[in-house]
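Chemist: got a predicted model here, sequence first, then my questions.
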Amino acid sequence: FAQTKWDLPGAYGANNFHSKNLQMFADDVKKLSGGKLEITVHPGASLFKAPEIKRAVQTGQVQIGEVLMVNVENEIPVFGADGVPFLATSYDASMKLWAAQKPVIEKKLNEQGMTSLYAVPWPPQGIYAKKDLNTIEDLKGTKWRAYSPATSRIAELVQAQPVTIQAAELAQALATGVVTTMMTSGSTGRDSKVWESLTHFYDTQAWLPKNLIFVNNDAFKKLDAATQKAVKDAAATAEKRGLEMSKAETESSKADLAKNGMKVLPPSPTLKAGLEKVGATMIDEWVKKTGADGKTIVDGFKKM
């Protein structure tokens with residue numbers, strides 16, 4: 001039989017659970033397709049940098065890819081739903097939000113010749129700092145890592161100074177003091193050994209952004225029906241497995257932060273109230289910006 005080979009660029013290091021799940025997905029596809037389709041995973045932005053991956057799949061430079069959905073928000077605003085702070089603040093809520101988002105995302109991707117395969121949430125986002133944070137006023141003037149429109153907007157609302165830093169450059173930015181506060185997952189914190197530079201992690205569970213794995217429609221259509229089914233079945237398994245891996249990652253990463261001397265704390269009631277106010281502003285802004293599509297997603301999610 002003729003073997004088809006695909007390349008799958010990912011933005012995260014080989015040891016990150018998302019990359020491990022991608023590799024298991026690729027292994028499953030090979031097995032389920034009887035070796036007809038072989039997918040080579042390229043982790044750590046080794047084939048394309050994170051911002052280039054969607055375009056590479058869209059233009060057919062590669063057949064399949066993985067993106068952090070909030071990174072596509074400037075181009076397609078509805079991709080930012082799971083980056084709206086304090087909208088979906090648990091794993092259950094995150095998957096309900098995905099169910100509400102999916103039809104809208106599918107439509108947008110299809111217009112560009114692509115189809116989604118599966119999505120996996122990151123661990124919930126917390127705030128890292130070098131000092132006690134008792135209220136949102138304590139974030140004023142700090143050098144805040146921005147990696148998406150939402151994180152940049154939070155910086156504005158809490159009067160922090162936004163600094164754009166991608167995951168791959170984070171460790172260096174922390175070591176050199178370019179970044180002193182940030183909102184990201186326990187997982188990214190552990191990957192970057194934040195304890196070498198920062199001291200506190202506040203478990204705010206602000207949002208659970210998702211990575212989306214999607215495929216070029218032309219490449220997918222070239223597969224025979226049995227191989228297409230193999231890809232879809234492997235994707236369904238990867239979505240379930242990824243969710244469990246993410247939950248395990250949340251617990252183990254928080255434990256590792258604490259083990260390495262960081263204070264892992266819930267936000268104080270005042271800090272939480274301040275952040276929820278920021279969240280309410282941002283949910284309203286997001287619905288205004290995304291119009292009918294955004295309203296459909298938020299209303300659909302709230303009804304679930």
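Modeler: Happy to help now that I have it. Note that the structure is predicted; figures quoted are calculated from it, not measured. Numbers count the residues shown, from 1 in each chain.

Chemist: against residue 207, how distant is the closest residue to residue 247 other than its chain neighbours?
Modeler: On the basis of Cβ to Cβ, 6 or more residues apart in numbering, the spatially nearest residue to residue 247 that is not a chain neighbour turns out to be residue 91, at 6.1 Å. Using the backbone N, CA and C atoms, a C-beta is placed for each residue, glycine as well. Noted for residue 91: a distance of 12 Å to residue 207, by Cβ to Cβ, to the nearest Å.

Chemist: between the two, who's got more neighbours?
Modeler: Legend: neighbour count by other Cβ atoms under 10 Å for residue 91 and residue 207, higher for residue 207 (28 against 18).

Chemist: residues near residue 89, how many?
Modeler: 18.

Chemist: tell me the SS of it?
Modeler: coil (DSSP: H, G, I helix; E, B strand; the rest coil).

Chemist: residues contacting it?
Modeler: Residues near residue 89 by Cβ atoms under 8 Å, 6 or more residues apart in numbering: 124, 205-208.

Chemist: reformat the residues you listed as JSON lines; add distance to residue 254 and secondary structure.
Modeler: As requested, these are exported to JSON lines (distance: Cβ to Cβ, whole Å; DSSP: H, G, I helix; E, B strand; the rest coil):
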{"residue": "124", "distance to residue 254": "10", "secondary structure": "coil"}
{"residue": "205", "distance to residue 254": "11", "secondary structure": "coil"}
{"residue": "206", "distance to residue 254": "15", "secondary structure": "coil"}
{"residue": "207", "distance to residue 254": "17", "secondary structure": "coil"}
{"residue": "208", "distance to residue 254": "14", "secondary structure": "coil"}
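
Chemist: least confident pick among these?
Modeler: Here the lowest pLDDT out of the contacts of residue 89 sits on residue 205, with 90.

Chemist: residue boundaries of the helices in the chain?
Modeler: Counting by DSSP state H, residue ranges of the helices within the chain are 17-32, 53-58, 91-111, 149-157, 170-175, 186-191, 217-221, 225-259, 269-303.

Chemist: on that earlier part again, from the contacts of residue 89, pick the one nearest residue 275.
Modeler: The shortest approach to residue 275 among the contacts of residue 89 belongs to residue 206, at 6.8 Å (Cβ to Cβ).

Chemist: my guess is that closest one contacts residue 87, does it?
Modeler: No - assessed by Cβ atoms under 8 Å, residue 206 is found out of contact with residue 87, at 9.3 Å.

Chemist: settle it for me: which of these two has more neighbours?
Modeler: The neighbour comparison of residue 206 against residue 87 (other Cβ under 10 Å) goes to residue 206, with 28 against 23.

Chemist: and that one, how close does it get to residue 70?
Modeler: Separation of residue 206 from residue 70 (Cβ to Cβ): 12 Å.

Chemist: thinking again about what came up before, can you pull the contacts of the residue nearest to residue 247?
Modeler: For residue 91, the contact set (Cβ under 8 Å, 6+ apart) comprises 121, 208, 243, 246-247.

Chemist: again, only this time at 7 Å
Modeler: 121, 208, 243, 247 (Cβ atoms under 7 Å, 6 or more residues apart in numbering).
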